[in-house]
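1. sequence? don't have it. structure:
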């Protein structure tokens, strides 16, 4: 009988692709996998339905649904509101901890893997009550994430991690530098790097030459100007004679859309806005572009040391990458120089020069895109990058 692994997160599979990829990899490796998650939003709910139809793992929603289970969902929101008023950050992060624990006790896993910091208190209580094995996946260096820095509450996450990470049987981290950062804080904790790659079944057709405007793309769950997009638009403005089509994918507001359109000063520059899409649709849209933008700023520290999923998504679509200069993205391009080039967000000229060269050397750009695509096919994919996770789980269950 195969070992039973529960994956727990206060996020939905479609709003946490890394959790979903872990479930798939572990199930394909031969484990029996059960995912406990919570409702986050309508678009992710729709995308989840497609995921669940093909899933080789079971799933369970905790905390209700605004339409299907409105009373449970109301209780979840009420608990979170009360926790916020009382200053209970743990309760805000995971208002349904007891419901998750009840689900785990019913399912009886051999190992529980937590995703998102909200899972840490639950992992701690599970280990205290049952002595079961627990792992945690750090998708970010959570104590230095944008949210905690912005609200000046980094001490909250530091306290959370300091209290609960030492009890873990191991950790995985989403970039080499995030893993290094956690090892410095918790030198006795075992941490492996599991890069944020995507499966080869998302690999698109081999790139072909494109004419017309230079086609650029940026994507995220939420459209935001504070992560480098504003600076990139300034660089675009320096080359008003170069035809450019920029596609932006993410949830947005009319105010953000108006702000972006106001920054477009050239008649030959255009911006297309798209809502978030399930991964197959996203990759199809990315494959219609030539250059993928990976725009991050080095502050706060987490943004400097994380390898966002863009770095591993664009190659599958055959996009050349323009990556802003952060420690993690510089390290990635040093390791895989075929995939793209660095730009300086504080130097608009560097952005303009990169775009000008790309437009006037489309054959050269096509060659780079083909190299990147080939690398995704052979190496930069989840089938390769998930191996440290499988080894970690095998090792944890063995001892």
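-> Happy to help now that I have it. Computed from a prediction, not measured in an experiment: that's the story for all the values here. Numbers count the residues shown, from 1 in each chain.
2. Residue 127: which element?
-> Using DSSP states H and E, residue 127 falls within helix 120-130.
3. And the helices in the stretch 251-399 of the chain?
-> Ranges of helices in the stretch 251-399 of the chain, per DSSP state H, counting those that start in this stretch, are 254-263, 279-286, 301-305, 310-317, 327-335, 348-360, 362-378, 382-385, 387-398.
4. For residue 142, find the nearest of those.
-> helix 301-305 (7.4 Å; Cβ to Cβ). Where you see a C-beta, it was placed from the backbone N, CA and C, and this is true even at glycine.
5. For stretch 65-73, give me every contacting residue.
-> 39, 45, 61, 63, 64 (Cβ atoms under 8 Å, 6 or more residues apart in numbering).
6. And stretch 84-94, by the same measure?
-> 10, 79-80, 82-83, 100, 116-119, 121-122, 153, 156, 160.
7. Report the buried residues of that stretch.
-> Within stretch 84-94, the residues scored as buried using 16 or more other Cβ atoms under 10 Å are 89, 90, 91, 92, 93, 94.
8. Tell me the pLDDT of the fourth one.
-> Per-residue confidence at residue 92 stands at 86 (pLDDT).
9. Next, work out how far apart it and residue 160 are.
-> 11 Å (Cβ to Cβ, to the nearest Å).
10. repeat for residue 198
-> 29 Å.
11. who has more neighbours, these two?
-> residue 198 (25 against 21; other Cβ atoms under 10 Å).
12. hang on, the earlier thing: helices - which of the buried residues of stretch 84-94 land there?
-> 89, 90, 91, 92, 93 (DSSP state H).
13. Output these as a markdown table; include the columns distance to residue 290.
-> What follows is these, written out as a markdown table (distance: Cβ to Cβ, whole Å):
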| residue | distance to residue 290 |
| --- | --- |
| 89 | 43 |
| 90 | 45 |
| 91 | 47 |
| 92 | 42 |
| 93 | 40 |
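14. quick check, nearest of those residues to residue 75?
-> The closest of those, once distances to residue 75 are taken by Cβ to Cβ, is residue 91, at 12.9 Å.
15. what sits up against the helix or strand where residue 103 lies?
-> Assessed by DSSP H and E, residue 103 sits inside helix 97-107. With contact meaning Cβ under 8 Å, 6+ apart, helix 97-107 is reached by 4, 6, 8, 34, 36, 60, 62-63, 94, 112, 121-122, 125-126, 129-130.
16. from the residues you listed, which has minimum pLDDT?
-> Out of the contacts of helix 97-107, that is residue 94, at 89.
17. Can you tell me how far that residue is from residue 144?
-> Separation of residue 94 from residue 144 (Cβ to Cβ): 20 Å.
18. cool, residue 61 as well?
-> 31 Å.
19. Repeat that for residue 54.
-> For residue 54, the distance to residue 144 - Cβ to Cβ - is 36 Å.
20. So for those two, which sits in the more crowded spot?
-> residue 144 (21 against 7).
21. Let me see the confidence value for the nearest residue in space to the more buried one that is not next to it in sequence.
-> Leaving aside its sequence neighbours, residue 144 sits nearest to residue 301 (Cβ to Cβ, 6 or more residues apart in numbering; 3.9 Å). As predicted, residue 301 sits at a pLDDT of 91.
22. Name all residues that make contact with residue 301.
-> Residue 301 neighbours (Cβ under 8 Å, 6+ apart): 141, 144, 181.
23. list the buried ones in the helix or strand that contains residue 84?
-> Under the criterion of DSSP H and E, residue 84 resides in helix 70-85. Buried residues in helix 70-85, counted by 16+ other Cβ under 10 Å: 72, 73, 75, 76, 79, 80, 83.
24. hang on, residue 218 packs against residue 248?
-> Yes. Residue 218 is in contact with residue 248 according to Cβ atoms under 8 Å; the separation is 5.5 Å.
25. Which neighbours do these two have in common?
-> With Cβ under 8 Å, 6+ apart, residue 218 and residue 248 have common neighbours residue 229.
26. Walking through the stretch 151-300 of the chain, point out its strands one by one.
-> Assigned by DSSP state E, counting those that start in this stretch, the strands in the stretch 151-300 of the chain fall at 171-173, 191-193, 214-222, 244-251, 269-274, 291-294.
27. And the ones you listed: which comes nearest residue 14?
-> strand 214-222 (9.6 Å).
28. who does that closest one pair up with?
-> Using DSSP bridges, the strands paired with strand 214-222 are strand 244-251 (parallel), strand 291-294 (parallel).
29. For the first one, which outside residues touch it?
-> Read that as strand 244-251. Against strand 244-251 from outside (Cβ under 8 Å, 6+ apart): 43, 212-224, 229, 236, 260, 266, 268-277, 282, 285, 289, 355, 359.
30. In that strand, which residues are buried?
-> Buried residues in strand 244-251, defined by neighbour count with 16+ other Cβ under 10 Å: 244, 245, 246, 247, 248, 249, 250.
31. tilt between it and helix 279-286?
-> Angle, strand 244-251 to helix 279-286, by axes from the mean of the first three to the mean of the last three Cα atoms, to 10 degrees: 160 degrees.
32. mind checking how far strand 244-251 is from the chain centre?
-> Average the C-alpha atoms of strand 244-251, do the same for its chain, and the two points are 18 Å apart (Cα atoms, centre = their mean, to the nearest Å).
33. Could you do the last one as well?
-> Using Cα atoms, centre = their mean, the distance from the centre of strand 291-294 to the centre of the chain it belongs to is 15 Å.
34. Check what contacts it and list those residues.
-> Contacting residues not belonging to strand 291-294 are listed as 214-218, 229, 232, 286, 308, 310-311, 313-314, 317, 319-324, 329, 340, 358, 365 [Cβ under 8 Å, 6+ apart].
35. Return the distance of residue 370 relative to residue 155.
-> Residue 370 is 48 Å from residue 155, by Cβ to Cβ.
36. These two: who's more crowded?
-> Taking neighbours as other Cβ under 10 Å, residue 370 and residue 155 compare with residue 370 leading, 16 against 12.
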